[in-house]
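Trainee: The following block contains a protein sequence and its predicted model.
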Amino acid sequence: SSGINAEYGDEQLQKYKYMELNLLQRKKRLRAQVPDIEKTLEIVKHMLKKNEEFQTHFMLSDQVHALATVPPTEKVFLWLGANVMLEYTIDEAIALLTKNLNTATVNADQLEDDLGYLSNQITTMEVNMARVYNWDFKRRKAAADK
């Protein structure tokens, strides 16, 4: 009976640890996205405010950057992921980036709550498994002493 309980507990613990790993990876991805979205939003807001030509460095590849002159514009192109880039007006881009920033922040906070709950579940499961093990050990010892 205790062997079945220990197997079940071990299986549940492994599931919790797997879920924790997945949540930690999602959290890491979201936390990395937030600064990128903030930086892009800041640049687009700067373009709206100044509406004049400016110079900037942009990345061509991992180690190669180039100097570019950006003329005044009313449209920007945003990478949406999966090799998709779309054109937006500056106002649309600001609205989209603000929405994405808020969503990423809320999701990261929710993941933090989920990780806290999962951590409690893991601790509870480990304590329960230790109790079952100790109970079984005492039961076997008592049976051996008879």
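Mentor: That came in fine, so what should we check first?
Trainee: Where is the longest helix in the chain?
Mentor: Longest among the helix segments of the chain by residue count, using DSSP state H, is helix 90-145.
Trainee: which helices and strands sit right next to that one?
Mentor: The contact analysis (3 or more CB pairs under 8 Å, 6 or more residues apart in numbering; DSSP states H and E) places helix 90-145 against helix 2-50, strand 75-81. Placement of C-beta: from N, CA and C, glycine included.
Trainee: can you redo the ones you listed as TSV with distance to Q63, mean neighbour count and mean pLDDT?
Mentor: Shown next, in TSV, are those (distance: least, CB to CB, whole Å; neighbours: other CB atoms under 10 Å; pLDDT from 0 to 100):
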stretch	distance to Q63	mean neighbour count	mean pLDDT
helix 2-50	19	14	89
strand 75-81	20	13	89
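Trainee: looking at those, which is closest to N102?
Mentor: helix 2-50 (9.6 Å; CB to CB).
Trainee: Can you list the neighbours in contact with whichever helix or strand comes after the closest one?
Mentor: Downstream of helix 2-50, the first helix or strand assigned by DSSP states H and E is strand 54-61. Applying CB atoms under 8 Å, 6 or more residues apart in numbering, the contact partners of strand 54-61 are 46, 65-70.
Trainee: quick one, phi/psi of the closest residue to P71 other than its chain neighbours?
Mentor: Spatial nearest neighbour of P71, chain neighbours left out: E53 (5.3 Å); criterion: CB to CB, 6 or more residues apart in numbering. When read as degrees, to the nearest 10, the backbone of E53 gives phi -60, psi 140.
Trainee: Can you name the residues that contact E53?
Mentor: The contact partners of E53, taken as CB under 8 Å, 6+ apart, are 69-72.
Trainee: most neighbours, which of these?
Mentor: Counting neighbours by other CB atoms under 10 Å, the top entry in the contacts of E53 is V70, with 14 neighbours.
Trainee: what sits opposite it in the beta ladder?
Mentor: Beta bridges link V70 to F54, judged by DSSP bridges.
Trainee: separation between it and H46?
Mentor: As judged by CB to CB, to the nearest Å, V70 and H46 stand 10 Å apart.
Trainee: Residue nearest the middle of the protein, spatially speaking?
Mentor: K27 (2.0 Å; CA atoms, centre = their mean).
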